[in-house]
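Novice: Sequence isn't available, so here's the structure alone:
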DNA sequence: TATGAATGAGCTTTCATTCAT
DNA sequence: AATGAATGAAAGCTCATTCAT
């Protein structure tokens, strides 16, 4: 029953914002396509033309959203970073023993690792980037490694984690988690949740101090059928 | 009684063999240079010209030893495979509980992973290869994954490893080990031996059934100073 | 009654078609330049760079129109084939004795042979092509040989051609015609028409003087001044 | 019963000549292999390495006999030329009407054309050669063309050949003959002799049935089964 | 005389990026 | 904002030829 609003009377910003939103949506579409293709075929074996083609646009149109192929990669790394950051931040700010936080981090990291942007963060080669953005990526990666290490150190101190070399321990944890990208398949039999749970358990049970033999290890009952 | 030795015996290297040896040495030199540069800069960012240049030869000279860049990569994968095979074979043929063999394999794998060829096997992208050689590489990779999994399964059966999802467990172990390539530095503070030992311990203590609470976990007191 | 013409009708060339036309024109220009250079210098001695240079573009620009050098060659063969096909088709579908049709074919073939594309069809080496396109070319060549042979056979049957080995006869005719490419020069003294006429006569009537004075041989009085 | 000749007493030239003979034999072997491969695959698609390989020698060994690939080609052209020369010389010096000599030449030319060297003379591209040797080849080719033309002119004068454009007539004859290389197969059903005979007849007598039944056309009885 | 190895020159092709429209 | 076309800068590979032995 409301009469049609005359366009001109609405906020003069609306068309602009509309346009910006459309633009951002397209930019995102580029990133989503890029991450998929980069993961599938590798950065070097994915020409910009193919990304464009899959999006039904033309190669130079990509340059409306990104200044270069490298900038796309850079954006992907940043999105990946955000994935992990969102998971880690709350855990770090929360409370709990070192072991508990470590487990939570493992779960969070595993969860992120099963997303496209999360995988790309772990698997794409930051050596493609120029100095500055590359440094940023490496800083981010070190940040997660340190987060693991810190909780391990805290756990050793608070007695929840047995004595160990925290650095090496963190490397092992991160390595196992990054490795997920090598075999995970979204359509596979193992849901991301299950993987996260199992890894959290398996990677910590070996580190957790084991005071009570009466406390039996959890029973991972899920039969993994993923990949052969 | 001592007749003059026939000429052939004086020189253990007939000219022909001499030449062939020189040739093989050069071929090896190409591979050693290639693996270093491929690991350092990545396959795509390493033009053949740079490999040649570092060897003080010219680009086409490489074609005396390899038919294509891809063939170099293929040879590297094969050498890497041999590294692991040498370590795994004896363990598989030997005796021991599932847990013992798993630990031995972890140690062997970690050891191979700290060599150039071992790293290249784990890190270079087999998607650069054509169908046939790629299949070979993937078969080899699966073979090691299966070796881990098999011992875990055996361990579960013989009681040395607690109940778990062997597939996922093997992925975690292999992932942690492959991750070594991401941070290991030959000149670093952590000798390969130490890494192997620590990983063998850390990755299995979480899996091993813990019958005796009196048996304390080992005390890895090595201070890790490697990479930040 | 004359409503204003819709815009679309004012320009017979929509921008899209306009562009496509320009594109096709350029593609044709590439082919025309290529055929000239290939005939002049040979396929192998004509780098793509030279074709491009003569067209005032750069080498990779050619790849906008053709996927490879071989594809250019393939296109040339196809254009050549069309040349001959256009001449042969009507003759085959028409009527006349074997001899009459054979003569018409000789004239048509000679005419095509004096064009660039016709020459290229006869002279460029189809062994440059991959299996499939090469098979196509050979099929086309055989097709013309068979056309000659068929008319000779018909002529033998209808009495217009005397008894002979049609296969060998067709080879001789085709050979003489293909040979035109070896000496014909567009700017030469002999117009294509004259050549066609003379060949049609000579290849069917022979050179030997006739025993029967009543049927005088034609009098080709054209003074040939071409090439030396 | 003759005592063994002491080597030293025989002509001091013998070893030298022996060596030279051996050398010449090898040189000939190179040429025979080269002509075969050049005809089969084309000059550019035949690397020297392949010629060497087929001869069980190495690539640089070829340079003992020829200074360059081009020189091999040059030698082949010269050998081809000799083939034709041997056939044409006697005919030219002999007697007979223009028509008779023309026929003899056609037969001779056809015979040479069915040999490897003869074919190479007609088919290989003299544009591979440098100026001087190329001029030589072209002179030779023109020489045969002129030989045909001369006899045709003589025939027209002596009445054995009817009035025609001798230049064009010679081109047609030479073209048909050169075309033999396009289909002739040494193992084919048509012996070289038969081809020579048929061409000599057909190219002079023509294909058209004669008006005068009193002078019957020759009866080519050979059923051609060659190539399809 | 013959060989293994090396080289220089050249070729086709790919691709990120730019430009005129 | 988008396109078709073009470009520059490489890269991998081939091959005739040379060289030390």
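Specialist: Received, thanks. Owing to the predicted nature of the structure, the values given are computational and were not obtained by experimental measurement.

Novice: ok, is the helix or strand hosting residue A:144 in contact with chain B or not?
Specialist: In the assignment (DSSP states H and E), residue A:144 maps to helix A:131-158. Yes: residues of helix A:131-158 contacting chain B under CB under 8 Å from any CB of the partner chain: residue A:142. C-betas here are computed from N, CA, C, even on glycine.

Novice: Which is the succeeding secondary structure element to that helix?
Specialist: helix A:166-178.

Novice: Domain boundaries for chain A, per the record?
Specialist: What automatic domain parsing lists as the domains of chain A is A:14-66, A:70-211.

Novice: Is DNA strand F within reach of the last one?
Specialist: No: counting by CB under 7 Å from any atom of the strand, DNA strand F has no neighbours in domain A:70-211; the shortest distance is 13.4 Å.

Novice: Run the chain-centre distance for that domain.
Specialist: Centroid displacement of domain A:70-211 relative to its chain, using CA atoms, centre = their mean, to the nearest Å, is 9 Å.

Novice: Now do the helices in chain A.
Specialist: Applying DSSP state H to chain A gives helices spanning A:13-41, A:48-54, A:69-93, A:98-113, A:116-123, A:131-158, A:166-178, A:180-183, A:192-205.

Novice: which residue sits closest to the most centrally placed residue in chain A, ignoring its sequence neighbours?
Specialist: In chain A, the centroid-proximal residue (CA atoms, centre = their mean) is residue A:118; its distance is 2.3 Å. Closest residue in space to residue A:118, ignoring its immediate chain neighbours: residue A:112 at 3.7 Å, by CB to CB, 6 or more residues apart in numbering or on different chains.

Novice: Report the contact partners of the one you found.
Specialist: A:80, A:83, A:84, A:86, A:87, A:118, A:121 (CB atoms under 8 Å, 6 or more residues apart in numbering or on different chains).

Novice: Let me see the contact set for the second one.
Specialist: The one in question is residue A:83. A:112, A:115, A:117, A:118, A:121.

Novice: try the first one
Specialist: Residues in contact with residue A:80 (CB under 8 Å, 6+ apart) are A:112, A:117, A:118, A:119, A:120, A:121, A:122.

Novice: Swap in 6 Å and give it another go.
Specialist: Residues near residue A:80 by CB atoms under 6 Å, 6 or more residues apart in numbering or on different chains: A:117, A:118, A:120, A:121.

Novice: of those, buried ones?
Specialist: Listed as buried from the contacts of residue A:80 are A:117, A:118, A:120, A:121; burial here means 16 or more other CB atoms under 10 Å in any protein chain shown.

Novice: Need phi/psi at whatever residue of chain A ends up closest to chain D.
Specialist: Per CB to the nearest CB, residue A:45 is where chain A lies closest to chain D, at 30.7 Å. Reported as degrees, to the nearest 10, the phi and psi values for residue A:45 are phi -90, psi 10.

Novice: tell me the contacts of residue A:192?
Specialist: Taking CB under 6 Å, 6+ apart, we find residue A:192 in contact with A:111, A:114.

Novice: repeat that for 8 Å
Specialist: By CB under 8 Å, 6+ apart, the neighbours of residue A:192 are A:110, A:111, A:114, A:184.

Novice: How about residue A:81, nearest residue that isn't a chain neighbour?
Specialist: Leaving aside its sequence neighbours, residue A:81 sits nearest to residue A:140 (CB to CB, 6+ apart; 4.5 Å).

Novice: returning to what we had before: could you dump the helices of chain A to a markdown table with distance to residue C:51 and mean pLDDT?
Specialist: Putting the helices of chain A into a markdown table (distance: least, CB to CB, whole Å; pLDDT from 0 to 100) gives the following:
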| stretch | distance to residue C:51 | mean pLDDT |
| --- | --- | --- |
| helix A:13-41 | 33 | 87 |
| helix A:48-54 | 24 | 97 |
| helix A:69-93 | 30 | 96 |
| helix A:98-113 | 51 | 95 |
| helix A:116-123 | 42 | 96 |
| helix A:131-158 | 41 | 95 |
| helix A:166-178 | 50 | 95 |
| helix A:180-183 | 47 | 96 |
| helix A:192-205 | 55 | 91 |
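
Novice: Understood, closing this out.
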